[in-house]
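Asks: Have a look; sequence and predicted model below, questions after that.
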Amino acid sequence: MTITDVPARTDDDRRLRAALFVDFDNVYLGLRRLDPTAAEAFATNPGHWLDALERGADSQGQFTRRFLVRACYLNPSAFSQYRPNFTRAGFRVVDCPSLTQQGKSSADINLVLDAVDALVATTRYEEFVIVSADADFTPLVQRCRAADRRVTIITASPAAAAYRAVADTVVGADALAELVTSTDAVPEPDAVTLSPGHPGVAPDPAATAVPRPRTGKSTPPPAAEVPVVEPAAPVVPAAAPAVAPTAGALAARRAVLQRVRAADRPVPLGAVAQVAQAADPTLPGAGWGGPGGFTGWLGRSVPELGLATKPAPGYMWDPKRFDEADLPGAVADVDADALRRQVVAVTDTPGLTTDGYRVLLKTLAHDISTHPFERVATTRRVREACQKSGAKVGRATINLVISGISYSGVELTTARSAKVLAEAWADNVVGLCRGARMELSRADVAAIRAWVGGGLLTS
């Protein structure tokens, strides 16, 4: 499924009746910790990102969302200035004032009640889009799935693994930030052309939550005329031109692109094979169309995607968002104990070594002390510096650590020591573990903090 960067709708597109529920406080505060500019764009121009959400594509082709329900839940005592923006965009704005001494609003219960009403309504909504990182909505998502409804969740801060696992599609904080700040949320599609020297087609605008620049194709100049000379000897027949891919192979290519580009992490090769086979059941029986089997077919058909057969079971990824350093277990400690493996598996905490975390945290602290914090530029500089120092740290890992630190309440717009950053990141990881209902002893907490804190918290 896609959020943006998809072809314009045609008359043959499917139309999905969708219900959209926005937990404003959760999303705005999450984005503000990550990128204040993105938070303001989300709050002041909802029509912009709503237009992008209305178009999508999946393995069955293009579709258009009709948001028959557009509901936004916000605390009027804190965010009433943004209500007119959502009203103008066609939202029903539900005021959810604080009802407790702790300041918690009634947004959660109002959103759940409205979603359950929509689930049993006479109108059948084929998709429920929940814009919130609050894992309390996990039972609601499970109820929607049990009723055979598609579910998309959009988060602006770290979300629990169990919450993400029950959704059909997850749009993370970085993708949401790029979506709301993009100046061209729904670009025109690239031309799809066949090339005799390429077994596939030009990159298809496939399912992805991250906007990508257009890459137009130029037409090669006509070949110069060459005088015809009769050969003195028999002419060796020219090699046969490359066989154009079948409709099924093209469908499989599109399905793989959509699956990988829509994923919030590298995709196991087994899952990729299932998608390709569902789109074209003849491929496996035909030996995947050439030498090398399935991986050979992937290399020929989707060369723009990243591919690695190790670590097992092998993975594919969108190189615009991930690299080999983001593969599960790619940089985990060889002697990681059971607790560390469980934390990685349950919370998706990056499996960096203790030394890797130390390099990352120190590099991040140095960067924000010497440059203004800007999410994309900061991530790029930190990754380059880590690579130069020999630490295999991927972009997704850096983004996740930045989000976790911000979610813990530490602003990165001012200089911070590496120890302060380590403290915030360790607090975030421990909080994720407890949120996942891990039973942690005091020794467990100390071991986790020593690990993800890069050894900076032991002194």
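Replies: Happy to help now that I have it.
Asks: Asp264 in helix, strand or coil?
Replies: Assigned by DSSP: H, G, I helix; E, B strand; the rest coil, the conformation of Asp264 is coil.
Asks: what ranges do the helices span in the stretch 301-450 of the chain?
Replies: Using DSSP state H, counting those that start in this stretch, the helices found in the stretch 301-450 of the chain span residues 338-347, 354-370, 375-388, 395-407, 418-435, 442-452.
Asks: just those: most buried one?
Replies: Highest mean neighbour count of the helices of the stretch 301-450 of the chain: helix 395-407, a mean of 24 (counted as mean count of other Cβ atoms under 10 Å). Quick note: C-beta positions are derived from backbone N, CA and C, even for glycine.
Asks: and the angle for it with helix 442-452?
Replies: Between helix 395-407 and helix 442-452, the angle comes out at 120 degrees (axes from the mean of the first three to the mean of the last three Cα atoms, to 10 degrees).
Asks: Just the residues contacting helix 395-407, thanks.
Replies: By Cβ atoms under 8 Å, 6 or more residues apart in numbering, the list of residues contacting helix 395-407 from outside reads 30, 33-34, 157-158, 173-174, 265, 321-323, 325-326, 348, 350, 352, 360-361, 364, 375, 378-380, 382-383, 386, 412, 421, 424-425, 428-429.
Asks: Quick check: mean pLDDT of it?
Replies: For helix 395-407, the per-residue pLDDT values average out at 88.
Asks: try stretch 312-331
Replies: When pLDDT is averaged over stretch 312-331, the result is 74.
Asks: Return the set of buried residues in that stretch.
Replies: Across stretch 312-331, burial judged by 16 or more other Cβ atoms under 10 Å covers 314-318, 320-328, 330-331.
Asks: Which one of the helices of the stretch 301-450 of the chain lies nearest to Asp51?
Replies: Across the helices of the stretch 301-450 of the chain, Asp51 has its closest neighbour in helix 375-388 (22.6 Å, Cβ to Cβ).
Asks: tell me which strands and helices that closest one is in contact with?
Replies: In terms of contacts (3 or more Cβ pairs under 8 Å, 6 or more residues apart in numbering; DSSP states H and E), helix 375-388 is packed against helix 354-370, helix 395-407.
Asks: So which residues make contact with that helix?
Replies: Helix 375-388 is contacted from outside by 34-35, 174, 177, 359-360, 363-364, 366-368, 371, 392-395, 398-399, 402, 412, using Cβ under 8 Å, 6+ apart.
Asks: Just the CA atoms from that helix would do, formatted as PDB, please.
Replies: What follows is helix 375-388 as a C-alpha-only set of coordinates in PDB (Å, rounded to 0.1, in the frame of the first residue of the first chain):
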ATOM      1  CA  ARG A 375      16.300  15.900  11.100                       C
ATOM      2  CA  VAL A 376      17.300  14.900   7.600                       C
ATOM      3  CA  ALA A 377      20.600  16.800   7.500                       C
ATOM      4  CA  THR A 378      21.600  15.700  11.000                       C
ATOM      5  CA  THR A 379      20.900  12.000  10.200                       C
ATOM      6  CA  ARG A 380      23.000  12.200   7.000                       C
ATOM      7  CA  ARG A 381      26.000  13.900   8.800                       C
ATOM      8  CA  VAL A 382      25.900  11.500  11.700                       C
ATOM      9  CA  ARG A 383      25.700   8.400   9.500                       C
ATOM     10  CA  GLU A 384      28.700   9.600   7.400                       C
ATOM     11  CA  ALA A 385      30.700  10.300  10.600                       C
ATOM     12  CA  CYS A 386      29.900   6.900  12.000                       C
ATOM     13  CA  GLN A 387      30.800   5.200   8.800                       C
ATOM     14  CA  LYS A 388      34.200   7.000   8.700                       C
END
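Asks: Report the distance from it to the chain centre.
Replies: 19 Å (Cα atoms, centre = their mean, to the nearest Å).
Asks: so Leu176 touches Ile154, yeah?
Replies: Yes - using Cβ atoms under 8 Å, Leu176 and Ile154 qualify as a contacting pair, with a distance of 5.7 Å.
Asks: Output the helices of the stretch 301-450 of the chain as JSON lines; include the columns distance to Val120.
Replies: JSON lines is the format used below for the helices of the stretch 301-450 of the chain (distance: least, Cβ to Cβ, whole Å):
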{"stretch": "helix 338-347", "distance to Val120": "33"}
{"stretch": "helix 354-370", "distance to Val120": "47"}
{"stretch": "helix 375-388", "distance to Val120": "41"}
{"stretch": "helix 395-407", "distance to Val120": "34"}
{"stretch": "helix 418-435", "distance to Val120": "30"}
{"stretch": "helix 442-452", "distance to Val120": "43"}
